[in-house]
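K.L.:
Provided below are the primary sequence and the corresponding predicted coordinates.
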Amino acid sequence: MLNIEHLTVEVDGKRILNDVNLHIGEGETHALFGPNGSGKTSLLFTIAGVPKYRVKSGKILFKGKDITDAPMDERAKLGIGIMFQHPPVLRGVKLMDMVKISMERLREKKVSDEEVKELAKKLNLEGFLSRDVNLGFSGGEIKRSELLQLLAQRPDLVLLDEPDSGVDLVNIGLVGNTINELLQKDRKTVHRTKSGLIITHFGNILDYVKADKAYVMMKGTVLCQGNPVELLEDIRHHGYSECLACLSR
């Protein structure tokens, strides 16, 4: 599904990713750990094609196609969707219209307001459809709004930037269930066609969404990979000190 080969990226002339290698197979869900400022979000933005993230060397392959220089809208059409940690407020754009446009592009036919409301019920957002996207939303409401848009889009590769951040205990299960739906976790592994890359700082979302593999990123480099539960347990007990020691060596 996704292959990243020796990826080096700069923003405004400053190197932020250095020789990153990563492979996510079809139907796989991977998690990315790392302290603040380690390059996790920069990696997601680069995969999604955010313009200011300039690839200096390396490649990004999606479904076998080289998308290293492809614009953001082309990547979205190919099936890459992203949940931002801090998405913008879209004044003058109703959540109803945003979701409807995504659903119509997917289905290639007109979608009724009732169909949008039915989808919004899954995230308890029926009452938000008439509001401007993210305007006055709480942190948890923004997360659910982003997930609603992804449900409408149904991307093949789901990029999730800290989906558990700012979500209260009442809604974390709802968020987890929605991510599981996006990633087809109700299907047997061999029948899944959707893949995901989840950034998580504390790992709480992994109590609800099973990941197949995890990575630790520090100073713009992927240092190690392994079992998500074991890596998270080590981080919770020892912090990132052992990772720093590996980096210094």
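P.N.:
Structure received.
K.L.:
quick one: contacts of the helix or strand hosting residue 56?
P.N.:
Using DSSP states H and E, the element containing residue 56 is strand 54-62. With contact meaning C-beta atoms under 8 Å, 6 or more residues apart in numbering, strand 54-62 is reached by 1-11, 15, 19-20, 46-47, 66-69, 75, 78-80, 157. Heads up, the C-betas are built off the backbone N, CA and C, glycines and all.
K.L.:
so where do the helices sit in the protein?
P.N.:
For the chain, the helices defined by DSSP state H occupy 40-48, 72-78, 95-107, 113-121, 139-153, 169-182, 228-238, 241-248.
K.L.:
do you know which of those helices lies nearest residue 30?
P.N.:
Closest of the helices of the chain to residue 30 is helix 228-238, at 8.3 Å (criterion: C-beta to C-beta).
K.L.:
So which other helices or strands are in contact with that closest one?
P.N.:
strand 29-33, strand 213-218 (3 or more C-beta pairs under 8 Å, 6 or more residues apart in numbering; DSSP states H and E).
K.L.:
The last one pairs with which strands?
P.N.:
Which is strand 213-218. Partners of strand 213-218 in the sheet, by DSSP bridges, are strand 29-33 (parallel), strand 221-226 (antiparallel).
K.L.:
Run through who's touching the shortest one.
P.N.:
Read it as strand 29-33. Applying C-beta under 8 Å, 6+ apart, the external contacts of strand 29-33 come out as 22, 24, 40, 43, 183, 195-201, 203, 206, 209-217, 228, 231-232, 235.
K.L.:
remind me which residues of this structure are low pLDDT?
P.N.:
242-249 (pLDDT under 70).
K.L.:
mind listing what residue 21 touches?
P.N.:
By C-beta under 8 Å, 6+ apart, residue 21 lies in contact with 4, 5, 6, 7, 222.
K.L.:
what residues are up against residue 125?
P.N.:
Counting by C-beta under 8 Å, 6+ apart, residue 125 makes contact with 95, 141, 144, 145, 148.
K.L.:
Tell me how many other residues crowd the nearest residue to residue 79 once chain neighbours are set aside.
P.N.:
Computed as C-beta to C-beta, 6 or more residues apart in numbering, the closest residue to residue 79 that is not its neighbour in sequence is residue 156, at 3.4 Å. Other residues near residue 156 number 17, with proximity taken as other C-beta atoms under 10 Å.
K.L.:
And the furthest pair within the contacts of residue 21?
P.N.:
For the contacts of residue 21, the maximum inter-member distance is 12.1 Å, found between 5 and 222 (C-beta to C-beta).
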